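Participant: sequence? don't have it. structure:
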């Protein structure tokens, strides 16, 4: 940025015009501080001291980062009339079931990210029914979600983008995500795509999600009386490639509740 003029810096995405003249000096100070203290990373809060004092004076409850993230995602979702909390909950339950049975070895950050993606997947439908995932990605990027690092927001957006198609490029997230994230994003998006497909077949007449998932070695069986294998062929193929397992969908007892075996 030091080699750029002030107008050129102003054009950098994410950098406000009133910081274009001071960003180089500020970055130099932070760089010197991090080198002196041997800090591997620096997390910058989206709020400041004044916001904290105002919240304290107003008697507002202070939440930890994880609570803030969940409240922020829930608040964003509720802004959109297309969002169905019951459908989002079912999709999240299926994600958790599949993760527990297949053991994808996702790290803690990405595990939480997938759950948030499951909750938000339908908000883009309020903009366009057919391109809902593209619009959901844009909404997540522009929402200023509380408690998330820039990397976590990029992970959410990347997983949502890849949920639509495993061929989607993640080039726009370079700098926040690296080559090592490709495998994890591929797994997370395949997981979310399968969960979304299964949730989409859930019969409205049933109040409980009746689904069983059984695993023997590299073979996984999904059992539900209402589950049709043919519409899920593409997402099942993605899941099998991502996790190295074979999936078999067959009728199960309708009285079974969602569970892993």
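Facilitator: Alright, I've got the coordinates. Model, not experiment: these values are computed from the prediction. Numbers count the residues shown, from 1 in each chain.
Participant: drop to CA atoms for contacts and neighbour counts, all remaining ones
Facilitator: Fine.
Participant: from the chain's centre, how far out does stretch 197-207 sit?
Facilitator: 22 Å (C-alpha atoms, centre = their mean, to the nearest Å).
Participant: Show me the contact partners of that stretch.
Facilitator: 87, 90-91, 94, 209, 226-228, 232, 235 (C-alpha atoms under 8 Å, 6 or more residues apart in numbering).
Participant: OK, contacts around residue 134?
Facilitator: Per C-alpha under 8 Å, 6+ apart, neighbours of residue 134: 124, 160-161.
Participant: Ignore what I typed, I meant residue 189.
Facilitator: 159-160, 162-163, 166.
Participant: Greatest separation within the contacts of stretch 197-207: which pair is it?
Facilitator: 209 and 235 (19.9 Å; C-alpha to C-alpha).
Participant: Compare neighbour counts for these two and give me the winner.
Facilitator: residue 235 (24 against 20; other C-alpha atoms under 10 Å).
Participant: was I right about the more buried one contacting residue 196?
Facilitator: No. Judged on C-alpha atoms under 8 Å, residue 235 makes no contact with residue 196 at a distance of 9.4 Å.
Participant: Could you single out the nearest of the contacts of stretch 197-207 to residue 182?
Facilitator: Nearest member of the contacts of stretch 197-207 to residue 182, counting by C-alpha to C-alpha, is residue 235, at 17.9 Å.
Participant: Per-residue pLDDT of that closest one, please?
Facilitator: Reading off the confidence values, residue 235 has pLDDT 94.
Participant: Which residue comes closest to it once chain neighbours are left out?
Facilitator: Spatial nearest neighbour of residue 235, chain neighbours left out: residue 194 (5.3 Å); criterion: C-alpha to C-alpha, 6 or more residues apart in numbering.
Participant: How many neighbouring residues does the one you found have?
Facilitator: By other C-alpha under 10 Å, neighbour count at residue 194 equals 24.
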